[in-house]
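1. Okay, here's the prediction I keep looking at, along with the sequence it came from:
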Amino acid sequence: MTSDFQPKSDFLRVLSERGFIHQCSDFAGLDEKARNGRITAYVGYDCTAPSLHIGNLISAMMLHWLQQTGHRPITLMGGGTTRVGDPSGKDETRKLLTVEQIEANKNGIKGVFSKLLHYSPDGNGAIMVDNAEWLTKLNYIDMLRDIGRHFSINRMLSMDSVKLRLDREQELSFIEFNYMILQSYDFVELSRNYDCCLQMGGSDQWGNIVNGVDLGRRMGSQQLYALTTPLLTTASGAKMGKTASGAVWLNADMFSPYEYWQFWRNTEDADVSRFLKLFTLLPLDEIAKLSALGGAEINEAKKVLATEATALLHSRAAADEAAETARQTFEQGGAAETLPTIIIPAAELADGLGVLAAFVTAGLVASTGEARRLIQGGGLRVNDEAVSDPRSTLDPTLLRDGAIKLSMGKKKHVLLKAE
RNA sequence: GGGGGAAUGUCCCGAGCGGCAAAGGGGGCGGACUGUAAAUCCGCUGGCUACGCCUUCGCAGGUUCGAGUCCUGCUUCCCCCA
């Protein structure tokens, strides 16, 4: 955390109170600027996947508060930079994505922001731009002369993103080495065209952002600022956002509102307060009350966290439905209608469907082998009864209200319906 | 250009005298205990039409009853010399 500086601007005060701030290039200067008028700030998003994930949410939330406190957010799509690939925090070169993939990913990512920001060309309406617009037009010689000359290789070699690779004797290709130059240039470009003076991002972006600030100074832009968030980890130190099945995606078609709700519901006790501040819009005094709950009561706070976070990203209705599904499933031990459902042909069930196949079809296990192992460990249940024989079959007599409830472990349930 | 190393279970790290579905971690998953938490303990962590069959140790061949392990060629990476 950066000193005990007391921000006077609404913007930094909110971010600071809610725990968003890790580092800032010039806290006092930025605070002053934000207090004296509307500023424009941006966060860049790489288009490496068809959806953003939890790790991206924290910076998106910063943009939200930026707008709420009267300033203008820019969401920068990395349509250009993704073609190069950011080496920060990565052990190995990522495979280059095709231009088509990048475009497709970009379109997948865009949607999320409309949940958190108002877009409009006027006032403090958010704007979305794509750095492919200017990066793809750069001419190599011009770029070297205008931009490249401001970069010192000596200094670039000392940047974490580069040093790490070199220290570990892992290859860093020239194309990746250029990433920070392009990102720096983005900042200057946005500062010229949109009067943007602040770039925010995760702490792993500090080096890239500060380089942009520096380039701005060398190229005679206005004073630029850098602001980063802490790296999102759980209280036990694990990197957030990775689950068994992969990342916690923000797009509903990749990670359903119900799964999303469950993700937050399973937060560790020690993280509840921090996450309420970061990922919900609840006022701080209310969060303080919730955080004060001790022992088993903290579960109430987790439900609020789950519902508020889900409502913010998906919708209030989806959040309430997820909460209700969870209530029926976990608190009453029933099978809520709204659990994830898999439909199979009625004939298949009438003929007797093998349990192993059923669990594979339901997507609860990846293979029949895994299903067998889980059965041995007592981890699979049909209508809440542990499965003991891998050769047993499911038939229509097991239908309860038209569905068979398949469960893996205590938390994952799927309804199997026949049609 | 010359010399020397390295690539292992498709999550990662990492052992591996010619008999290996391959030691050990980490991570993940399941079970017990709980509060859908943490900590702790136990189990699992190639596939299948499953007491049997099939496919795995960078790639392609070869020697052998049998190769991750030996030989040849290739690819990629690292180190030293130039």
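-> Thanks, I have the structure now. Numbering: from 1, shown residues only, chains lettered A, B, ... in the order given.

2. Could you find the closest non-adjacent residue to residue A:47?
-> Distances taken as Cβ to Cβ, 6 or more residues apart in numbering place residue A:105 nearest to residue A:47, at 4.0 Å, with adjacent residues excluded. Glycine gets a C-beta too; all of them are placed from N, C-alpha and C.

3. Over to that neighbour. Which of the three states is it?
-> Following DSSP: H, G, I helix; E, B strand; the rest coil, residue A:105 is assigned to helix.

4. Do you know the pLDDT at it?
-> With respect to pLDDT, residue A:105 scores 89.

5. go on, residue A:269?
-> 88.

6. these two touch, right, it and residue A:299?
-> No: using Cβ atoms under 8 Å, residue A:269 is not in contact with residue A:299; the gap is 9.2 Å.

7. For RNA strand B, what's its nearest residue on the stretch 251-400 of chain A.
-> Of all residues in the stretch 251-400 of chain A, residue A:379 sits closest to RNA strand B, at 2.5 Å by Cβ to the nearest atom of the strand.

8. List phi and psi for the residue nearest to that residue when sequence neighbours are not counted.
-> Closest residue to residue A:379 apart from its sequence neighbours, by Cβ to Cβ, 6+ apart: residue A:409 at 5.7 Å. Dihedral angles of residue A:409 (phi, psi; degrees, to the nearest 10) stand at phi 70, psi -160.

9. Can you tell me the element residue A:404 falls in?
-> Secondary-structure assignment from DSSP states H and E places residue A:404 in strand A:404-408.

10. so what strands line up beside that strand?
-> strand A:380-382 (antiparallel), strand A:412-418 (antiparallel) (DSSP bridges).

11. So for residue A:289, which of those sits nearest?
-> Counting by Cβ to Cβ, residue A:289 lies closest to strand A:412-418 out of those; the figure is 31.9 Å.

12. send the alpha carbons of the closest one over as CSV?
-> C-alpha atoms of strand A:412-418 as CSV (Å, rounded to 0.1, in the frame of the first residue of the first chain):
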residue,chain,number,x,y,z
LYS,A,412,-21.9,-29.8,-8.0
HIS,A,413,-25.4,-30.9,-9.0
VAL,A,414,-27.0,-31.5,-12.4
LEU,A,415,-30.6,-32.4,-13.2
LEU,A,416,-31.1,-35.1,-15.8
LYS,A,417,-34.3,-34.9,-17.7
ALA,A,418,-35.7,-37.2,-20.3
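
13. Which positions in it come out as buried?
-> If you call a residue buried by 16 or more other Cβ atoms under 10 Å, then strand A:412-418 has these buried ones: A:412-416, A:418.

14. Out of the residues you listed, flag the one nearest to residue A:5.
-> residue A:412 (45.4 Å).

15. in the sheet, who's paired with the closest one?
-> Beta bridges link residue A:412 to residue A:408 when assigned by DSSP bridges.

16. pLDDT score for it?
-> 90.

17. my read: it touches residue A:364, true?
-> Yes: using Cβ under 8 Å, residue A:412 is in contact with residue A:364, at 5.9 Å.

18. What ranges in chain A fall below the confidence cut-off?
-> Residues of chain A meeting the criterion pLDDT under 70: A:1-4, A:87-96, A:163-172, A:234-246.

19. most distant residue from the middle of chain A?
-> residue A:351 (43.9 Å; Cα atoms, centre = their mean).
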